[in-house]
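Undergrad: Generate a structure from the sequence data that follows.
(one chain, ligands or ions: 2)
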Amino acid sequence: MAAAASSTTLKPSASAATISGFRRLPLSTTFGVTTLSFRHRRDQPRRFIVLSMDAKPTILVAEKLGEAGVNLLKEFANVDCSYNLSPEELCTKISLCDALIVRSGTKVNREVFESSGGRLKVVGRAGVGIDNVDLAAATEHGCLVVNAPTANTVAAAEHGIALLTAMARNIAQADASVKSGKWERSKYVGVSLVGKTLAVLGFGKVGSEVARRAKGLGMHVIAHDPYAPADRARAIGVGLVSFDEAIASADFISLHMPLTASTSKMLNDETFAKMKKGVRIINVARGGVIDEEALVKALDAGIVAQAALDVFTVEPPAKDSKLVQHENVTATPHLGASTMEAQEGVAIEVAEAVVGALKGELAATAVLTELKPYVSLAEKLGRLAVQLVAGGSGVKTVKVTYASARAPDDLDTRVLRAMITKGLIEPISSVFVNLVNADFTAKQRGLRITEERILLDGSPESPLELIQVQIANVESRFASAISDSGEIKVEGRVKDGIPHLTRVGSFEVDVSLEGSIILCRQVDQPGMIGKVGSILAEDNVNVSFMSVGRIAPRKQAVMAIGVDEDQASSH
Ligand SMILES: NC(=O)c1ccc[n+]([C@@H]2O[C@H](COP(=O)([O-])OP(=O)(O)OC[C@H]3O[C@@H](n4cnc5c(N)ncnc54)[C@H](O)[C@@H]3O)[C@@H](O)[C@H]2O)c1
Ligand SMILES: O=C(O)[C@H](O)COP(=O)(O)O
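TA: Ligands and ions are numbered 1, 2, ... in the order given. Predicted coordinates:
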């Protein structure tokens, strides 16, 4: 008999959580921030990124930006470089600006968007991490967020290696000692790197560059990244392993994942306890991926021998921070991206993205209005499909099928492809995908998206009948999502303006893609619906809709259950 439902407690989680036979798939209702044409506050008139031909936009550059980037902006806009603004000053200035460019030091919070009075159309992040921008508020205010995902990769990797080597040889502590007039040769005996195991957690752009360099230092490198393609790791000579294996076998651990709900405090009391005694940790990703109190305890207990940190949960950290002051900690003030070369590159990368967005490349308004519900469907199918992929099996080949009665020339699928790409990439990376960068971002990550049209008979009134997303050559954490032909397959339709999931693997279901859904593998038998309903009721989870797809009566079935997101995540 297939996995039958058993009683369990739903835990809050932003990523798919396994609940003995259940898988809860959070489908963010926040559509992202490329949506100004499709999503808007109901009480406000719709706004578009279309500038009148003769008005020069104004761009506020609120943190130091490389000269080449500023010059590029000046060719197109009035540029106001005002650094070190207080939050109040930023809110005052922002109402006069069409675009804002920041690094990680400026909090672009809801208040900033509210203060803009609707004029702010683009926020450019001159760097990778966009955790300092309130994306939900940006979306609500019809504002696009773009970043510069590639230009500081090498700089961050080099800083990671600099911290690794400096920590192993006590460079910072020894330097301070010599400068204070001491000569403490026996106190600063280091450890060698050659032959030691380095675990890279997060094998994306920075992680793989760190791995490559560490191999050159003679280290044995392993990596954990649930979404990294195995062939990329193989090419560098790195083995992809589970999280537990990585942390248990490492002499050094280097962190390179984005800060998301599922990576927040990934290193904590429980995970430190699983590490080798005397492990050394390097963090050039984001402070929030480590529980800093737990790290202090682990340092005091000698579980962690040393830590080298470029990033902190709160920046700058408190002057009396126990972590920063710890004698076995080497700290730098978020310098990963701070090389001359990276800053010039980042400045150009973000300036091009901001100008591209302001030029109105997203202004195909008529098409977008008609496609609005399909745009939402496309992103949600992408999000769902990627969450069904089992850890370790990298997503490389995605096939999208559109079934429509419209002639191919009458249906421009670029926006749909971009939104599927966004759904596939954003849950697992720090890249922010939008219409401008979607194809480029997919290509850069080695993601090949092919499209196929099925021409249907009938009325071409509605643009699309269905969208199908298939991911090939991967394993699934939900076996029933694998179709007869061996790919993860999800299919959706728009019903009464609302995106619905209508197929998972070979099973037909029907559940609206709103809030969260639970997918449950079962054998069709009397009483199953009631049993599942009771389990959810025990946890006060409100079911909005339930649909069962089965091969045949009393055979394999999939139950798709729509649950009220807030209620589900509060348990
Ligand atoms: N210190 C700095 O100045 C500096 C500079 C550049 C980047 N960064 C930070 O470094 C991090 C990585 O940047 P990047 O450009 O390599 O991003 P990236 O998107 O290329 O790589 C991130 C990788 O993390 C993986 N990942 C996601 N969830 C994971 C999990 N739970 N466990 C393990 N891996 C997971 C993703 O699959 C992806 O491969 C980001 O947090 C970024 O903000 C810091
Ligand atoms: O995410 C990033 O790109 C880095 O953390 C760099 O941040 P910075 O632009 O503030 O140096």
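
Undergrad: how far does stretch 545-560 sit from the chain's center?
TA: When distances are taken as Cα atoms, centre = their mean, to the nearest Å, stretch 545-560 is centred 32 Å away from the chain's centroid.

Undergrad: buried residues in the lengthiest helix in the chain?
TA: Scanning the chain for the longest helix, with DSSP state H as the assignment, gives helix 365-387. In terms of neighbour count (16 or more other Cβ atoms under 10 Å), helix 365-387 has its buried residues at 368, 371-387. Using the backbone N, CA and C atoms, a C-beta is placed for each residue, glycine as well.

Undergrad: ok, now stretch 206-215?
TA: Of the residues in stretch 206-215, those with enough neighbours to count as buried (16+ other Cβ under 10 Å) are 206-214.

Undergrad: per-residue confidence at Ala17?
TA: For Ala17, the model assigns a pLDDT of 26.

Undergrad: cool, and Pro226?
TA: On pLDDT, Pro226 comes in at 84.

Undergrad: same question, Met53
TA: For Met53, the model assigns a pLDDT of 38.

Undergrad: that older thread, columns distance to ligand 1, secondary structure and pLDDT on top of the buried residues of stretch 206-215, output as a markdown table?
TA: Formatted as a markdown table, the entries for the buried residues of stretch 206-215 read as follows, by distance: Cβ to the nearest ligand atom, whole Å; DSSP: H, G, I helix; E, B strand; the rest coil; pLDDT from 0 to 100:
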| residue | distance to ligand 1 | secondary structure | pLDDT |
| --- | --- | --- | --- |
| Val206 | 3 | helix | 97 |
| Gly207 | 6 | helix | 97 |
| Ser208 | 8 | helix | 96 |
| Glu209 | 8 | helix | 98 |
| Val210 | 9 | helix | 98 |
| Ala211 | 11 | helix | 98 |
| Arg212 | 13 | helix | 98 |
| Arg213 | 14 | helix | 98 |
| Ala214 | 15 | helix | 98 |
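
Undergrad: Please identify the one among the residues you listed that lies nearest to Val532.
TA: Using Cβ to Cβ, Gly207 comes nearest to Val532 of the buried residues of stretch 206-215, at 39.3 Å.

Undergrad: show me the contacts for the residue nearest to that closest one when sequence neighbours are not counted.
TA: With sequence-adjacent residues excluded and distances taken as Cβ to Cβ, 6 or more residues apart in numbering, Gly207 is closest to His256, at 3.5 Å. For His256, the residues meeting the contact criterion (Cβ atoms under 8 Å, 6 or more residues apart in numbering) are 160, 200-204, 206-207, 210, 284-285.

Undergrad: First-to-last residue distance for stretch 390-410?
TA: From its first residue to its last, stretch 390-410 covers 37 Å (Cα to Cα, to the nearest Å).

Undergrad: Give me the distance from it to the chain's centre.
TA: Mean-position distance between stretch 390-410 and its chain equals 21 Å (Cα atoms, centre = their mean).

Undergrad: and what of stretch 67-75?
TA: Here stretch 67-75 shows a centroid-to-chain-centroid distance of 29 Å under the convention Cα atoms, centre = their mean.

Undergrad: centre of the chain versus the helix or strand containing Ala357, how much separation?
TA: If you go by DSSP states H and E, Ala357 is part of helix 340-358. Helix 340-358 has its C-alpha centroid displaced from the chain centroid by 21 Å (Cα atoms, centre = their mean).

Undergrad: how near is the residue of the stretch 201-350 of the chain found nearest ligand 1 to Phe440?
TA: Here the residue of the stretch 201-350 of the chain nearest ligand 1 is Gly204; by Cβ to the nearest ligand atom that distance is 1.8 Å. As judged by Cβ to Cβ, to the nearest Å, Gly204 and Phe440 stand 16 Å apart.

Undergrad: What is the neighbour count of the residue lying closest to Gly394 once chain neighbours are set aside?
TA: Take Gly394 and drop its neighbours on the chain: the residue closest to it by Cβ to Cβ, 6+ apart is Pro229, 2.9 Å away. Here the count is done by other Cβ atoms under 10 Å, and Pro229 has 21 residues near it.

Undergrad: Pro229 reaches Gly446, doesn't it?
TA: Yes. The pair formed by Pro229 and Gly446 meets the contact definition of Cβ atoms under 8 Å, at 6.1 Å.

Undergrad: Common neighbours of these two, please.
TA: Common neighbours of Pro229 and Gly446, using Cβ under 8 Å, 6+ apart, are Lys396.

Undergrad: got the residue ranges for the helices in the stretch 151-300 of the chain?
TA: Listed in chain order, the helices of the stretch 151-300 of the chain (DSSP state H, counting those that start in this stretch) span residues 153-168, 171-179, 205-216, 230-236, 243-249, 269-273, 292-300.

Undergrad: If you average pLDDT over each of these, which is lowest?
TA: Across the helices of the stretch 151-300 of the chain, the stretch with the lowest average pLDDT is helix 230-236; it has a mean of 89.

Undergrad: which residues does Gly237 contact?
TA: The contact partners of Gly237, taken as Cβ under 8 Å, 6+ apart, are 215, 221.

Undergrad: What pLDDT does the model give it?
TA: With respect to pLDDT, Gly237 has a value of 95.

Undergrad: Can you tell me how far the closest residue to Leu377 other than its chain neighbours is from Ala403?
TA: When the adjacent residues along the chain are set aside, Leu377 lies closest to Pro499, with 3.6 Å between them (Cβ to Cβ, 6+ apart). Shown here: Pro499 relative to Ala403, a distance of 15 Å by Cβ to Cβ.

Undergrad: more crowded one of the two?
TA: More neighbours surround Pro499 than the other of Pro499 and Ala403, with 23 against 16 (other Cβ under 10 Å).
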